[in-house]
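Chemist: pasting a predicted model and its sequence here:
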Amino acid sequence: MRYFKLTIAYDGTDFHGWQFQADKPTVQGEIVSVLRRLTQETVQLQGSGRTDAGVHALGQVASFRTQCALSAAEFQRALNALLPQTIRIVAAEEAGPEFHARWSAKGKVYRYRIYRGKVVPPFLWRYVLHYPFPLNEEAMCEAAARFVGVHDFSAFAASSGSEDDDKERNMCREIFSAELTRTEGGEELWFTVHGRSFLRYMVRKMVGTLLEIGRGKLVPADIDKLYELKDRSKSGPTVPPQGLFMVRVEHEEAFRVE
């Protein structure tokens, strides 16, 4: 048996997220379909994490195992030849049996893009949230720094749909860095967050809360109060998916095959 790691970039606009769904196009479903054609096996593809409908990736990571004799480079070429142009295999590597895209991950970086100009260029509208209205960006930057550390992010996550299940979930997450920056040229705000792992909708709720602070409806110190309240109704709204990118996933280097 052989083991492979794929690094994947995709435009999530036309997909119903990463995870396979029987009746809807998904990124995982598209890749699995091609892998099964190439290997003539029932390949199982494991992703480092889910992305929701409309969310993009620059460096999603997935792993699979196969008895097929194709090399990593041959898998990359064949996948890119057969996949939609909106999904690209950026890299393919042979891995050891202990490597798992999800369980071997030690960190992830996400970025959310907010376009501040009056008119969104037509080639950008699929990838940004348009917000041309006044914002207190200094307050937003101060608030972003308050996400760093180990906190209970209950107020910044989607409900599982069950109050009992929500009570049982571990909602604590560790954030290594979080910052809001203006891009060169000044037309966009980027919220970039690096953490060990993330809850569903967590980054989009964080951005929604930063926007509420920018509008003056909340203040930076309210971030700390939200950790204590654990009430998602008190934080900002969940912003639309199109501005969110999975930038990269970090793994231990020990997975590599010598």
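Modeler: Looks like it came in fine.

Chemist: skipping adjacent residues, who's closest to Tyr201 in space?
Modeler: Spatial nearest neighbour of Tyr201, excluding adjacent residues (Cβ to Cβ, 6 or more residues apart in numbering): Ala158 at 4.1 Å. (C-beta placed from N, C-alpha, C; glycine too.)

Chemist: then Lys230?
Modeler: Ser154 (3.8 Å).

Chemist: where does the one you found fall, phi/psi-wise?
Modeler: phi -60, psi -40 (degrees, to the nearest 10).

Chemist: how about Thr13?
Modeler: phi -60, psi -40.

Chemist: before we move on, the earlier item: do you know the pLDDT at the residue nearest to Lys230?
Modeler: Among the per-residue scores, Ser154 shows a pLDDT of 96.

Chemist: swap in the one 3 residues further on?
Modeler: Turning to Ala157, the model gives it a pLDDT of 93.

Chemist: tally of neighbours for it?
Modeler: 24 (other Cβ atoms under 10 Å).

Chemist: just the strands in the protein please.
Modeler: Using DSSP state E, the strands of the chain run over 2-10, 46-47, 56-66, 87-95, 105-115, 129-130, 149-152, 172-182, 188-195, 244-251.

Chemist: convert the C-alpha atoms of the first one to CSV, please.
Modeler: Below are the C-alpha coordinates for strand 2-10, written out as CSV (Å, rounded to 0.1, in the frame of the first residue of the first chain):
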residue,chain,number,x,y,z
ARG,A,2,1.2,3.5,-0.8
TYR,A,3,0.3,6.8,0.8
PHE,A,4,0.0,10.3,-0.8
LYS,A,5,-0.4,13.9,0.3
LEU,A,6,-2.1,16.4,-2.0
THR,A,7,-2.0,20.2,-1.6
ILE,A,8,-5.0,21.6,-3.3
ALA,A,9,-6.2,25.1,-4.4
TYR,A,10,-9.8,25.7,-5.5
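
Chemist: in its sheet, what does that strand sit against?
Modeler: Paired with strand 2-10 in the same sheet, following DSSP bridges, are strand 56-66 (antiparallel), strand 87-95 (antiparallel).

Chemist: which residue sits farthest out from the middle of this structure?
Modeler: No residue in the chain sits farther from the centre than Ala69, which is 31.8 Å out by Cα atoms, centre = their mean.

Chemist: the domain parsing of the chain - what is it?
Modeler: Here the domain parsing of the chain from automatic domain parsing is 2-103, 108-246.

Chemist: the last one: end-to-end distance?
Modeler: With Cα to Cα, to the nearest Å as the measure, the ends of domain 108-246 fall 8 Å from one another.

Chemist: quick check, the residue nearest to Lys230 in contact with Ser235.
Modeler: No - using Cβ atoms under 8 Å as the test, Ser154 is too far from Ser235 to be in contact (9.5 Å).

Chemist: residue contacts, Leu35?
Modeler: Neighbouring residues of Leu35 by Cβ atoms under 8 Å, 6 or more residues apart in numbering: Val43, Leu45, Phe64, Thr66, Leu79.

Chemist: hmm, try it at 7 Å
Modeler: By Cβ atoms under 7 Å, 6 or more residues apart in numbering, the residues touching Leu35 are Val43, Leu45, Phe64.
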